[in-house]
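Student: Please work out how this folds:
(chains A and B)
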2 protein chains.
Amino acid sequence: MNDKSYLELMGARIRSELNDLKRTPEAAAEELGIHAEKINNIIKGNCSFEDIRMLIDKMGGFYPIDSSDLYIPLDDCTNGIRIIREENSKNSSRIFTRKDKDGSRTPYYEYRDTAMSRLSPFKPEWIKELRVVKNLDPENPDVVYNNGHFLHQMTIFIGPVNFYWEVNGKKYSEEMTTGDSNYITPFHRHSFSSRDESKDAIIIAVTFGGDVRRAQKELYVLGEERTKNLFIDYRNHNKAILQLIQQHIRNENLSLLNLEERTRSMNLHLSTDIESLFSKNDEVYDSDKKILAKALNIELSDLMIPLYNPEEEVVIKHKNKGYFYPNNEEPIYRIHPLARTSKMPLMKGFDIEILKKSEEITNKFESSLHYYIYNYGGTDVEFNWEIDNERYKETIYDGDSIYVQPFVKYSFSNPGNDHGKILAIGVSGAINLSTQKELSYFSDLRRVSRETKQWFD
Amino acid sequence: MNDKSYLELMGARIRSELNDLKRTPEAAAEELGIHAEKINNIIKGNCSFEDIRMLIDKMGGFYPIDSSDLYIPLDDCTNGIRIIREENSKNSSRIFTRKDKDGSRTPYYEYRDTAMSRLSPFKPEWIKELRVVKNLDPENPDVVYNNGHFLHQMTIFIGPVNFYWEVNGKKYSEEMTTGDSNYITPFHRHSFSSRDESKDAIIIAVTFGGDVRRAQKELYVLGEERTKNLFIDYRNHNKAILQLIQQHIRNENLSLLNLEERTRSMNLHLSTDIESLFSKNDEVYDSDKKILAKALNIELSDLMIPLYNPEEEVVIKHKNKGYFYPNNEEPIYRIHPLARTSKMPLMKGFDIEILKKSEEITNKFESSLHYYIYNYGGTDVEFNWEIDNERYKETIYDGDSIYVQPFVKYSFSNPGNDHGKILAIGVSGAINLSTQKELSYFSDLRRVSRETKQWFD
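Tutor: Predicted structure coming up:
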């Protein structure tokens, strides 16, 4: 993105905000004490970045808006991707120490940043396990658990790594090796160690934020007490559904009696009376959910939450035989899916073995997800991609990583005879299924990605 | 929120970001060229706002993050609410002109801001219709349609207002009056006029942003071409479901052949082969959706989209007889629901007549939604609310409006003998059903609303 087009983008965003505030540039100019011509020029991008900052500061001071929301991040990618070479990654190396069983602090992890971007929802780290253990004991005093963290984590294992985790005060462990993977629910404590000092024991820890991370501003303002009200008891499925129903009843400003009258007047008949629905902790029938959704002006899917599966608190996935893409006869790749959880439908990971030399690959990958790619195979890989109908390619060496923006088309090929091996992890950004559905209701898409008009004459 | 607690909140947010970046204050200090002690003090809130700004600027310059995201908006509410008195509202008055049938620009609308906040997803305006018409003709040359806007709109009508709208190039109109309401899908062109110059013709236009508005930064970076890929053809239900299925297949990096092999190996049997599923535009059976959800590692609800209802492009709702809350025997309120659409399950509006003098109301309203309240009844209303176990009350006069934060408990009563009449419109912020579900998976809620810990030792 060149400077001029970035200024234009910021101008469009400011126009969008003035539209939301129902201000013409002239009306805003008077309130903010700036010349209308100046505002008009800023909207067109005929200005400096300092002009934009001045206007946003004045808007934030005068109007009740979150002015920080007006800054579109400057795209730090080139043609839709951002490559981090292994050398740059090495430059960010930090060694973190932990106490050992004797109480002295010794090296535990080496951390290195890999591909990330202002636009990526993830911040993946290459982490070398420096503490070597002799057994798999999850209570090993040489193994130090962290406090758990706010971000979701998908981990990919390279070499002889032991993985440790704690759920409900109980500690677990598992031997992992190259191509294995896991998913860790936020705030579960965990740790990693090496079980063989003669080999490199490495993880790629892809930590990423989801809807909760994106709601962080609101959650911080609400504070702990009010945030608790949002909690649905997902680990108790029947209760969770009843909580969702109750919340929608409250949202509709109905008493239980009012709701009963409403279903009756709509000629809808629940299998039980509403009082007893809530007095027990039984399963709510789908037919009752449908009736309640109708009476509460919501969709059936608004009363659904995934079934709790204790194994999804921390998902362990050992590498399986995978499948040949797109078919067994002329495969381009051998793909091994990494850890999955249906509660995170837009988190997808793959270990991909590249089988073709040719760059002329018709089956390109393309998705609404933000992708992270890491070359761990010890050989060079050719990365071919396409954006705005232009094609590009770059050689990706062992230890290099790439951030790929949504809807960039891409494929991999081998420059030499060896099969390349890469990891590819996709997660959604602010554009998730819910955003996509809402977007699809809009009657004009053009102005969504860049406001081009004042909406009144 | 006093200054000190705001600085502490910002400090907690910075700690959260350093956690995400896997930086100790010491590691960050070295990279940013600041003393570690300074960073530690900022994290504790022992600093000035300028210190915070300095640190955020340095972090934004060094790390690939969207640094504007680190600013928590300073809460502009008092005890969870923000009242805008009618006088303040009047001070924001702007008159907008439009061409009339003779081509001369004459006054069309008077706009006044009402209650809004840095935290509210809505920006409601009091709008007086200044153009008076003699008929309901939607093609009346005196009626000027706008270009449609990016925000959703719920409108409440007070007095003799004509409403006009355009869908697919066809213009419609409807006579509206006090207590009537509508919902307008983003970008549908619309207009309002008065049909009686002897009376005030007013609307309260509650414009608000949803998930798309909150994804605006990403959409602006993606641009128009790539944003188009996100569109699901919601107006063609069968096609929309097939598009969702295709998107999830792409997200799983599967060819159709791979998917067929996968369902076979899972011993799941679709009612048809996958090729013919996509070659027709037929309804996909629920049983097939369940199989596909399983094979694609998603939930059934991820393959659902509301049935298209053309009447929901623009919803017209005339005031109905309403219901007595919480029961007919001892009613506190008479409630008339305003326009609803199941495609926006967290948009709820009510016209509420207050029947009680007593403030001792046990059935308090409380919800996860952000609420907008407007007194239109010509009489004083007592607003009673509770936050953090403290109770407050304020008299709300005719024309006053209030923004109420989520999970504030509140009720209304009449100080005099007249029945008060208020409008209450709730919409969700970043904490929608999807955020709530994700939040419920987290294993520790305390650190979600304020990061208290470095996550490693």
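
Student: low-confidence ranges in chain A?
Tutor: A:1-2, A:359, A:361, A:456-457 (pLDDT under 70).

Student: Please repeat the previous calculation with a cut-off of 80.
Tutor: A:1-2, A:358-362, A:453-457 (pLDDT under 80).

Student: residue with max distance from the center of it?
Tutor: With CA atoms, centre = their mean as the measure, chain A has its most outlying C-alpha, relative to the mean C-alpha position, at A:Ser265: 43.7 Å.

Student: all strands for the stretch 201-350 of chain A, in order.
Tutor: For the stretch 201-350 of chain A, strands defined by DSSP state E, counting those that start in this stretch occupy the ranges A:202-208, A:314-317, A:323-325, A:333-337, A:347-354.

Student: Put together JSON lines for those strands, with mean neighbour count and distance to B:Ser287 on each row.
Tutor: Using the backbone N, CA and C atoms, a C-beta is placed for each residue, glycine as well. Formatted as JSON lines, those follow (neighbours: other CB atoms under 10 Å in any protein chain shown; distance: least, CB to CB, whole Å):
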{"stretch": "strand A:202-208", "mean neighbour count": "23", "distance to B:Ser287": "34"}
{"stretch": "strand A:314-317", "mean neighbour count": "19", "distance to B:Ser287": "27"}
{"stretch": "strand A:323-325", "mean neighbour count": "21", "distance to B:Ser287": "24"}
{"stretch": "strand A:333-337", "mean neighbour count": "21", "distance to B:Ser287": "24"}
{"stretch": "strand A:347-354", "mean neighbour count": "23", "distance to B:Ser287": "25"}
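
Student: And the residue farthest from the centre of chain A, how far from B:Asn320?
Tutor: Distance, A:Ser265 to B:Asn320, by CB to CB, to the nearest Å: 11 Å.

Student: how close does the closest residue to A:Asn229 other than its chain neighbours get to A:Glu224?
Tutor: Once flanking residues are discounted, A:Asn229 sits nearest to B:Phe407: 5.0 Å by CB to CB, 6 or more residues apart in numbering or on different chains. For B:Phe407, the distance to A:Glu224 equals 12 Å [CB to CB].

Student: Which one of these two is surrounded by more residues?
Tutor: Taking other CB atoms under 10 Å in any protein chain shown, B:Phe407 and A:Glu224 do not tie; B:Phe407 has more neighbours (19 against 14).

Student: hang on, that one packs against B:Phe365?
Tutor: No: at 10.7 Å, B:Phe407 and B:Phe365 do not qualify as touching, with contact defined as CB atoms under 8 Å.

Student: contacting residues around the residue nearest to A:Asp113 when sequence neighbours are not counted?
Tutor: Excluding the flanking residues, the one nearest A:Asp113 by CB to CB, 6+ apart is A:Ser92, at 4.1 Å. A:Ser92 is in contact with A:Tyr111, A:Arg112, A:Asp113, counting by CB atoms under 8 Å, 6 or more residues apart in numbering or on different chains.

Student: how much space between A:Ser92 and B:Gly61?
Tutor: In this view, A:Ser92 and B:Gly61 are 15 Å apart by CB to CB.

Student: cool, A:Met59 as well?
Tutor: Taking CB to CB as the measure, A:Met59 falls 24 Å from B:Gly61.

Student: Run through the helices of chain A in chain order.
Tutor: In chain A, the segments counted as helices under DSSP state H are A:3-20, A:25-32, A:36-44, A:49-62, A:86-91, A:211-214, A:216-228, A:237-251, A:256-265, A:274-279, A:286-295, A:433-441.

Student: want to throw those into CSV with distance to chain B?
Tutor: Output for these, formatted as CSV (distance: least, CB to the nearest CB, whole Å):
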stretch, distance to chain B
helix A:3-20, 6
helix A:25-32, 5
helix A:36-44, 14
helix A:49-62, 9
helix A:86-91, 10
helix A:211-214, 4
helix A:216-228, 4
helix A:237-251, 5
helix A:256-265, 5
helix A:274-279, 13
helix A:286-295, 8
helix A:433-441, 4
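
Student: Let's have the ones you listed in CSV, adding distance to A:Val133.
Tutor: Shown next, in CSV, are the helices of chain A (distance: least, CB to CB, whole Å):
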stretch, distance to A:Val133
helix A:3-20, 50
helix A:25-32, 63
helix A:36-44, 60
helix A:49-62, 52
helix A:86-91, 26
helix A:211-214, 33
helix A:216-228, 36
helix A:237-251, 38
helix A:256-265, 57
helix A:274-279, 50
helix A:286-295, 49
helix A:433-441, 42
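
Student: What residues does the residue nearest to A:Asn229 make contact with?
Tutor: Counted by CB under 8 Å, 6+ apart, B:Phe407 has contacts A:Leu222, A:Arg226, A:Asn229, B:Glu366, B:Ser367, B:Ser368.

Student: Also A:Pro186?
Tutor: With contact taken as CB under 8 Å, 6+ apart, A:Pro186 is in contact with A:Gly148, A:His149, A:Phe150, A:Leu151, A:His152, A:Val212, B:Tyr441, B:Phe442, B:Ser443, B:Asp444.

Student: Can you list which of the residues you listed are found in strands?
Tutor: Members of those lying in strands (criterion: DSSP state E): A:His152.

Student: which one of the contacts of A:Pro186 sits closest to B:Ser48?
Tutor: Ranked by distance to B:Ser48 (CB to CB), the contacts of A:Pro186 are led by A:Phe150 at 26.6 Å.

Student: so that closest one sits right up against B:Val448, yeah?
Tutor: Yes: the criterion here is CB under 8 Å, and A:Phe150 meets it with B:Val448 at 7.0 Å.

Student: Which one's more surrounded, the two?
Tutor: Legend: neighbour count by other CB under 10 Å for A:Phe150 and B:Val448, higher for B:Val448 (25 against 21).

Student: measure the more buried one to B:Glu360 for me?
Tutor: Computed as CB to CB, the B:Val448 to B:Glu360 distance reads 35 Å.

Student: need the contact list for the residue nearest to A:Ile156 when sequence neighbours are not counted.
Tutor: Leaving aside its sequence neighbours, A:Ile156 sits nearest to A:Ile204 (CB to CB, 6+ apart; 4.5 Å). Contact partners of A:Ile204, counting by CB under 8 Å, 6+ apart, are A:Thr114, A:Pro124, A:Glu125, A:Trp126, A:Ile127, A:Thr155, A:Ile156, A:Ile158, A:Tyr374, A:Tyr376, A:Leu423.

Student: do A:Ser287 as well
Tutor: Taking CB under 8 Å, 6+ apart, we find A:Ser287 in contact with A:Ser271.

Student: what about A:Arg264, neighbour count?
Tutor: A total of 12 residues lie near A:Arg264 under the criterion other CB under 10 Å.

Student: I'd like to know how far it sits from A:Leu270.
Tutor: Taking CB to CB, one finds A:Arg264 at 10 Å from A:Leu270.

Student: From the contacts of B:Phe407, list just the buried residues.
Tutor: Among the contacts of B:Phe407, those buried by neighbour count (16 or more other CB atoms under 10 Å in any protein chain shown) are A:Leu222, A:Arg226, B:Glu366, B:Ser367, B:Ser368.

Student: wait, the last one sits on A:His248?
Tutor: By that I understand B:Ser368. No: counting by CB under 8 Å, A:His248 is not a contact partner of B:Ser368; they are 10.1 Å apart.

Student: Spit out the contact partners of the residue nearest to A:Asp351 when sequence neighbours are not counted.
Tutor: In space, A:Asp351 comes closest to A:His336 once its chain neighbours are excluded; the distance is 4.2 Å by CB to CB, 6+ apart. With contacts defined as CB under 8 Å, 6+ apart, the neighbours of A:His336 are A:Gly179, A:Lys319, A:Asn320, A:Lys321, A:Gly322, A:Phe350, A:Asp351, A:Ile352, A:Glu353.

Student: same thing with A:Leu18?
Tutor: The neighbours of A:Leu18, taking CB under 8 Å, 6+ apart as the test, are A:Thr24, A:Pro25, A:Ala28, A:Ile39, A:Ile43, A:Gln454.

Student: hang on, the earlier thing: got TSV for the contacts of A:Pro186, with distance to B:Leu256 too?
Tutor: Output for the contacts of A:Pro186, formatted as TSV (distance: CB to CB, whole Å):
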residue	distance to B:Leu256
A:Gly148	40
A:His149	39
A:Phe150	38
A:Leu151	34
A:His152	30
A:Val212	35
B:Tyr441	32
B:Phe442	36
B:Ser443	38
B:Asp444	42
